[in-house]
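*Asks:* This is the structure alone, sequence omitted:
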């Protein structure tokens, strides 16, 4: 068997407003809780509990890492939230790939002009050059952005030499 296995993790660059939002939600919940107990008006506790639930369930989803796993003509992309929970984001069958190139390549101009949906699984770090995959499946055409390492690019280029472009 001629199978290649490559695993790579990328951490998404946090949005600057994420930290501000996190602090604001927690501070507001604590302030409302304190006001509710001091004034003995327990109507302040309802929004405090709601904000506490938001802080517990939704704020950890703001820290995202992506794990790319290439195995036997397939790329599996998982989202990892706050290094605690994992969710399968997408499985890409590379046999359905039309082309793979750097995301800024002119090869994707026709996709951008047609306003094809874009799925972004990159770190959004301006120093790193993401790659794009023009992909067609049962739901239609889409453009997938991700950041493979050199080992993953080499493994994919070995199997699909005419579909992987590198400029």
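*Replies:* Structure's in. What do you need? Remember, it's a predicted structure, so these values are computed and weren't measured experimentally.

*Asks:* In contact with the residue positioned nearest the centre of the chain, which residues are there?
*Replies:* In the chain, the residue lying closest to the centroid (CA atoms, centre = their mean) is residue 121, at 3.7 Å. With contact set as CB atoms under 8 Å, 6 or more residues apart in numbering, residue 121 has these partners: 10, 66, 68, 77, 89-90, 144-146. For glycine as for every other residue, the C-beta is placed from the backbone atoms N, C-alpha and C.

*Asks:* For PyMOL, what selects the buried ones among those?
*Replies:* Restricted to buried positions by 16 or more other CB atoms under 10 Å, the PyMOL selection for those reads:
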select buried, resi 10+66+68+77+89+144+145+146
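
*Asks:* Report the mean per-residue pLDDT for the lengthiest helix in the chain.
*Replies:* For the chain, the longest helix by residue count, based on DSSP state H, is helix 16-39. Helix 16-39 carries an average pLDDT of 89.

*Asks:* any low-confidence regions in this structure?
*Replies:* Flagging of the chain using pLDDT under 70 yields the residue ranges 1-2, 167.

*Asks:* Please enumerate the strands of it.
*Replies:* Counting by DSSP state E, one finds strands in the chain at the ranges 5-11, 64-71, 74-81, 85-93, 97-102, 118-120, 131-137, 140-146.

*Asks:* can you put those in CSV and add distance to residue 38?
*Replies:* Compiled in CSV, those are given as follows (distance: least, CB to CB, whole Å):
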stretch, distance to residue 38
strand 5-11, 41
strand 64-71, 38
strand 74-81, 35
strand 85-93, 36
strand 97-102, 58
strand 118-120, 46
strand 131-137, 55
strand 140-146, 50
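
*Asks:* and of those, who's closest to residue 17?
*Replies:* Among these, the nearest to residue 17 by CB to CB is strand 64-71 (14.7 Å).

*Asks:* Go through the closest one and flag the buried ones.
*Replies:* Across strand 64-71, burial judged by 16+ other CB under 10 Å covers 64-70.
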